[in-house]
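Peer 1: I'll drop the sequence and a predicted model, then ask my questions.
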Amino acid sequence: MPFNLPNILTWLRILAIPLFVGIFYMPHTWLSPAEQNLAATLIFAGAAITDWLDGYLARVLNQASAFGAFLDPVADKLMVSAALIVLVYLERLDAPIALVIIGREITVSALREWMAQIGRSKSVAVSFLGKIKTTSQMIAIPLLLYHEKIGERFDPQQIGTWFIYIAAVLTLWSMFYYLKAALPQVLANEKNIPPEH
């Protein structure tokens, strides 16, 4: 396992998950609900920044590695999944929306791994649609975590809900896009598999 700055940042993102979840289990004598919301929002935002930063540093410092390429999306999906589960627990997000997003991530990750095994990983490379989905998600989650109104008009919960619904629609759309792109390879591969006896 390469021990370099990009990978350290990725590991820190993973290690932050228990702290992120644990904040909402702290007694209110330690942190008020508003302080819990703010702390969780800052941790998630910090994780999102390191998600961008570790990739940038890997390229700039020429420290890209196969292990880093594997670990980075795993860390990202773990943090997003933890945030969605916490939001369902706090009743700020409907469970079906969380299931759609988490289920898509599992499905597409499995699809990418299978395509990589048959040497066709470029067929399911990240699309522009997937990037828009991720952007909507990364806007929605901090807003839903913060929750508290800012002033009289800005309601993070309402705006975050709009963005997470947009992300859910794009999640399904991008999943079908990836499945459609992979289908010819799946069918071609099935034809080459000898029948079981």
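Peer 2: Ah, there it is.

Peer 1: only C-alpha atoms for contact and neighbour calcs from this point on.
Peer 2: OK.

Peer 1: pull out the buried positions in stretch 92-101.
Peer 2: Along stretch 92-101, these residues count as buried under the neighbour rule (16 or more other CA atoms under 10 Å): R92, L93, I97, A98, I101.

Peer 1: inside helices: which ones of these?
Peer 2: Cross-referencing those against helices under DSSP state H gives I97, A98, I101.

Peer 1: related to what we said a few turns ago, mind putting the buried residues of stretch 92-101 in a markdown table, pLDDT and distance to A168 included?
Peer 2: Formatted as a markdown table, the buried residues of stretch 92-101 follow (pLDDT from 0 to 100; distance: CA to CA, whole Å):
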| residue | pLDDT | distance to A168 |
| --- | --- | --- |
| R92 | 96 | 15 |
| L93 | 96 | 12 |
| I97 | 95 | 6 |
| A98 | 96 | 8 |
| I101 | 93 | 6 |
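
Peer 1: which among these gets closest to W11?
Peer 2: Within the set of those, I101 lies nearest W11; the separation is 23.0 Å, counting by CA to CA.

Peer 1: wait, the closest one touches V169, no?
Peer 2: No - counting by CA atoms under 8 Å, I101 does not reach V169; the two are 9.3 Å apart.

Peer 1: list the buried residues in the longest helix anywhere in the chain.
Peer 2: Of all segments of type helix in the chain, defined using DSSP H, the longest is helix 156-191. Judged by neighbour count using 16+ other CA under 10 Å, the buried positions of helix 156-191 are 156-158, 160-161, 163-172, 174-175, 178-179, 182, 186.

Peer 1: name the helices or strands packed onto the helix or strand where E35 lies?
Peer 2: Here E35, judged by DSSP states H and E, is contained in helix 33-60. With contacts taken as 3 or more CA pairs under 8 Å, 6 or more residues apart in numbering; DSSP states H and E, helix 33-60 sits against helix 5-22, helix 66-89, helix 128-146.

Peer 1: report the distance from it to the chain centre.
Peer 2: Centroid separation for helix 33-60 versus its chain: 12 Å, with CA atoms, centre = their mean, to the nearest Å.

Peer 1: that one versus helix 128-146: what angle between them?
Peer 2: Angle between the axes of helix 33-60 and helix 128-146 is 150 degrees (criterion: axes from the mean of the first three to the mean of the last three CA atoms, to 10 degrees).

Peer 1: mind listing what's buried in helix 33-60?
Peer 2: Buried residues in helix 33-60, counting neighbours by 16+ other CA under 10 Å, are found at 33, 36-45, 47-48, 50-51, 53-55, 57-58.

Peer 1: do stretch 84-92 as well
Peer 2: Of the residues in stretch 84-92, those with enough neighbours to count as buried (16+ other CA under 10 Å) are L84, I85, V86, L87, R92.

Peer 1: looking at these, which one is closest to W114?
Peer 2: For the buried residues of stretch 84-92, the residue nearest W114 by CA to CA is L84; the value is 26.2 Å.
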